[in-house]
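Colleague: mind folding the following:
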Amino acid sequence: MARAPYITAAGARALREELQTLWRVTRPELTRRVSEAAALGDRSENAEYIYGKKALRELDRRVRYLSKRLDEVQVVDRTPGPEAGIRFGATVQLSGEGQRTRTLRIVGYDEIDPARRWISIDAPVARALLGKHPGDTLALPGPAGPERWTVEAFAYDAP
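Modeller: Numbering: from 1, shown residues only. I've put the predicted structure just below:
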């Protein structure tokens with residue numbers, strides 16, 4: 001399944017900052033350490049050199065991914081009107097049976113953060129929420145099967 005190309009402005013900024021840090025700070029330092037390890041002599045049994053080269057390959061892989069991903073993503077920097085219902089970037093407040101509450105934010109794949117309850121727009125829960133308005137009731141996937149939730153409110157962060 002293809003990922004939605006959307007990302008928030010803050011998410012795109014974070015990816016760009018990570019790319020710059022990796023390229024301008026982390027990579028030169030790692031390259032320097034690998035060069036120093038290589039100067040020590042026999043590279044075949046030099047753990048610092050071997051692991052340094054492996055770390056350099058992994059860092060370069062991340063740099064390539066970030067560069068490619070930043071070219072692919074579409075920054076969503078406008079918020080739709082409330083009449084559109086829940087859309088990308090919305091923070092949604094839900095209430096369920098037994099006075100349970102849940103707050104989720106719909107973000108791009110690169111911004112997923114379970115600890116903050118940020119879910120991908122591609123997630124089944126996010127797909128079920130799209131277009132809903134306060135007062136709408138829907139069944140969302142739960143550990144024991146579908147659970148009924150009601151949309152209490154939604155809002156967007158300033159772009």
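Colleague: quick one, domains of this protein?
Modeller: Per automatic domain parsing, the structural domains of the chain span 6-76, 82-156.
Colleague: need the ones you listed in TSV with mean neighbour count and mean pLDDT, can you?
Modeller: Every residue, glycine included, has its C-beta placed from N, CA and C. Converted to TSV, those look like this (neighbours: other CB atoms under 10 Å; pLDDT from 0 to 100):
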stretch	mean neighbour count	mean pLDDT
domain 6-76	14	93
domain 82-156	15	93
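Colleague: what's the helix or strand harbouring Val63 packed up against?
Modeller: Counting by DSSP states H and E, the element that carries Val63 is helix 47-72. Contacting helix 47-72 under the criterion 3 or more CB pairs under 8 Å, 6 or more residues apart in numbering; DSSP states H and E are the following elements: helix 9-21, helix 27-38.
Colleague: now do the shortest one against helix 47-72, angle only.
Modeller: Computed by axes from the mean of the first three to the mean of the last three CA atoms, to 10 degrees, the angle separating helix 27-38 from helix 47-72 equals 160 degrees.
Colleague: from the middle of its chain, how far away would helix 27-38 be?
Modeller: 30 Å (CA atoms, centre = their mean, to the nearest Å).
Colleague: now stretch 60-71
Modeller: In this view, stretch 60-71 has its centroid 14 Å away from the chain centroid, taken as CA atoms, centre = their mean.
Colleague: kindly report the same for stretch 18-35.
Modeller: The gap between where stretch 18-35 is centred and where its chain is centred comes out at 23 Å by CA atoms, centre = their mean.
Colleague: likewise stretch 34-45?
Modeller: On the basis of CA atoms, centre = their mean, stretch 34-45 sits 37 Å off its chain's mean C-alpha point.
Colleague: swap in stretch 64-82?
Modeller: If you compare the mean C-alpha spot of stretch 64-82 with that of the full chain, they lie 11 Å apart, counting by CA atoms, centre = their mean.
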